[in-house]
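In: give me coordinates for this.
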Amino acid sequence: MRAIRLGFAMVFVVWAWEGSRLSADETGGPTVDEKKVEALLSGLKDSVASVRTAAAKKLGEMGAKAKSAIPALAALAIDDESSAARLAAIASLGKIGGNEGLAALIELTKRIPKMEFAPHLPDLAMALADIGKEAMPSLRLLLNEKDLRLRRVAIHAMGRLGKDGLDGLGDALGDPDSSIRFEAVNELGRSKKDAASLLIRACGDENRGVRQNASGQLGKIAKDIKEPLVAALKSENALVRAHAAANLGLLGRQAADATLPLIGNLSDDNLDVRYSAAVALEAIGPKASDALKPLCAVLKDESPHMRRQALRTLGKISPHSQDSVRSIINMFSDSDQNVRVTAVIAVAGTGDAGGEAVGPLLGLLKADEPKVPSLLVREALKSIRPENSKADVKTLVDALDIKDAEIRIFVATALGVKAADAKAAAPALRSLAKDSNQKVRDAANSALENINAEAAKKN
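Out: Alright, predicted model coming up:
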């Protein structure tokens, strides 16, 4: 019986929609639209929820012509037991629009019980946005309400208005509640590059979550807003400067033309700003080679955190520069172990350019109290070919007793390359030729052959 009842009810709605034209034309009474509204208003009172829902939707499709139905739709939206009917009524109020529709939605927003509010929020926001930019004055007034729910609806509606809602969302960034500011940032993200200046501003928010959200939204559009980000490197707000650099870093080498302003921020008073600038320069890579000397100066920064990042950046922008290698080597004696470790890792990335590091690396292995884990030092040495070693003969000879066989092979090979100047190493190499490791013995004998050959030439 319910199915039969539902079928007749749905036919009624269709009849109300299509058949009212005939009755109006024949009688010369109310207009066609007035008859449609009258019939559909009757449908709003039907005992079947799906009929009420369908009637509400049809009224919305009529737009401003159904203005007289606003009170009934508002009542349905607040009182109906069916959520589908309530949501249909809310949507239709937005489609009907006008001052009356807007006023009804604002009032409805204030009247919906707290427990039922969350499910209605997206529909309220969408309905308010359907009214268009004409809703902005009322939405901005909602931002002044004490009730967070009302401010939240306003923000979501503004976000759906695109450019027309940006000024209001800018107001919301000043809300005393961080959750409102966070949601305002989310809505600004809908407008992408049009909201760049506001998102950059939000990077200076006192709340970390809001700042991170704003920076994340900027990261999605960084390639489209490079110029605003570069300009933000000079912001009066240190947090904004730091986040601007971080987002430029996401562009990698595409941000190469930001190198000079980033270099300027390496000397900023704020550690976060300096650090973000160094990270961005690392991401840019070799195209940021102009930062070599400024980064070498940063190795004297009072913050170990900053010194470590400067080392990493040097290793990326200019790994084969002798100035870079020498600066990295100097950090082997840093007071902070993490900095020393980072320096050794950085040298390992310089390849053959790291020849000058051989002596200092061997010194780390020979130290009574290891300043860097020996495994890392050995790996750094293995990244350099023995023939590129700049270590002197005495340093190499002193390292022939290191326990690692691969290091002894490396040292013996390096001495063989220096054959003309390594005569004094012959006794130590003859002892090494008796080593228990066959490869070590071979390296020692090869080095001795080279030394003897050079000696024979001189004679």
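
In: only C-alpha atoms for contact and neighbour calcs from this point on.
Out: Fine.

In: who touches A232 in this structure?
Out: For A232, the contacting residues are 200, 240-241, 244, by Cα atoms under 8 Å, 6 or more residues apart in numbering.

In: by neighbours, which of these wins?
Out: A244 (31 neighbours; other Cα atoms under 10 Å).

In: farthest-apart pair in the contacts of A232, please.
Out: I200 and R241 (9.2 Å; Cα to Cα).

In: in stretch 148-165, what's buried?
Out: 149-165 (16 or more other Cα atoms under 10 Å).

In: ah, wrong one, I meant stretch 196-204
Out: Taking 16+ other Cα under 10 Å as the criterion, stretch 196-204 shows 196, 198-204 as buried.

In: how about stretch 338-347?
Out: Quick answer for stretch 338-347 (16+ other Cα under 10 Å): 339-347.

In: just the contacts of A232: which are in helices?
Out: 200, 240-241, 244 (DSSP state H).

In: could you name the helices and strands sitting against the lengthiest helix in the chain?
Out: Once the chain is assigned using DSSP H, the helix that runs over the most residues is helix 438-458. For helix 438-458, the elements it packs on are helix 405-417, helix 426-432, judged by 3 or more Cα pairs under 8 Å, 6 or more residues apart in numbering; DSSP states H and E.

In: just send these back as a markdown table, with mean pLDDT and mean neighbour count too.
Out: Output for the helices and strands packed on helix 438-458, formatted as a markdown table (pLDDT from 0 to 100; neighbours: other Cα atoms under 10 Å):
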| stretch | mean pLDDT | mean neighbour count |
| --- | --- | --- |
| helix 405-417 | 93 | 24 |
| helix 426-432 | 92 | 17 |
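
In: now tabulate those helices in a markdown table and tack on distance to S321.
Out: Putting the helices and strands packed on helix 438-458 into a markdown table (distance: least, Cα to Cα, whole Å) gives the following:
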| stretch | distance to S321 |
| --- | --- |
| helix 405-417 | 22 |
| helix 426-432 | 33 |
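
In: for these, which one sits closest to D352?
Out: Of those, nearest to D352 by Cα to Cα is helix 405-417, at 13.2 Å.

In: returning to what we had before: tell me which of the buried residues of stretch 196-204 is nearest to G98?
Out: So of those, ranked by how close each gets to G98 (Cα to Cα), first place is L198, at 29.6 Å.

In: look up how far S267 lies from the residue nearest the centre of the chain.
Out: For the chain, G216 is the residue whose C-alpha lies nearest the centre (Cα atoms, centre = their mean; 3.8 Å). Per Cα to Cα, to the nearest Å, G216 is found 25 Å from S267.

In: re earlier: SS state for the residue nearest to the centre of the chain?
Out: What DSSP: H, G, I helix; E, B strand; the rest coil gives for G216 is helix.

In: please apply the same query to N144.
Out: coil.

In: element containing the closest residue in space to it that isn't next to it in sequence?
Out: What sits nearest to N144 in space, not counting adjacent residues and going by Cα to Cα, 6 or more residues apart in numbering, is R151, at 7.3 Å. Taking DSSP states H and E as the criterion, R151 maps to helix 148-160.

In: quick check: mean pLDDT across that helix?
Out: For helix 148-160, the mean pLDDT works out to 93.

In: following that helix, which helix or strand shows up next?
Out: Assigned by DSSP H and E, the successor of helix 148-160 is helix 166-172.

In: report all helices and strands that that following helix contacts.
Out: helix 136-142, helix 148-160, helix 178-188.

In: list the buried residues for the first one?
Out: Applying a neighbour-count criterion of 16+ other Cα under 10 Å, one finds 136, 139-140, 142 buried in helix 136-142.

In: where does the stretch 351-459 of the chain dip in pLDDT?
Out: 456, 459 (pLDDT under 70).

In: make it 80
Out: 351-352, 419, 454-459 (pLDDT under 80).

In: same deal with the stretch 1-150 of the chain?
Out: 1-30, 32, 112-120.

In: so who does D123 touch?
Out: Counting by Cα under 8 Å, 6+ apart, the residues that D123 touches are 87, 90-91.

In: now tabulate those in JSON lines and tack on distance to E387 and secondary structure.
Out: Putting the contacts of D123 into JSON lines (distance: Cα to Cα, whole Å; DSSP: H, G, I helix; E, B strand; the rest coil) gives the following:
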{"residue": "L87", "distance to E387": "78", "secondary structure": "helix"}
{"residue": "I90", "distance to E387": "80", "secondary structure": "helix"}
{"residue": "A91", "distance to E387": "78", "secondary structure": "helix"}
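
In: of these, grab the buried ones for ChimeraX.
Out: Buried members of the contacts of D123, defined by 16+ other Cα under 10 Å, are picked up in ChimeraX with:
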select :87,90,91
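
In: any idea which of the contacts of D123 is closest to A103?
Out: I90 (12.2 Å).

In: could you check how far the residue lying closest to the closest one once chain neighbours are set aside is from T53?
Out: Nearest residue to I90, sequence neighbours excluded (Cα to Cα, 6+ apart): A77, at 5.9 Å. As judged by Cα to Cα, A77 and T53 stand 10 Å apart.

In: those two - which one has more neighbours?
Out: A77 (27 against 22).

In: which residue ranges of the stretch 251-400 of the chain form helices?
Out: Applying DSSP state H, counting those that start in this stretch to the stretch 251-400 of the chain gives helices spanning 259-265, 271-284, 292-298, 304-317, 322-330, 337-348, 358-366, 374-382, 393-398.
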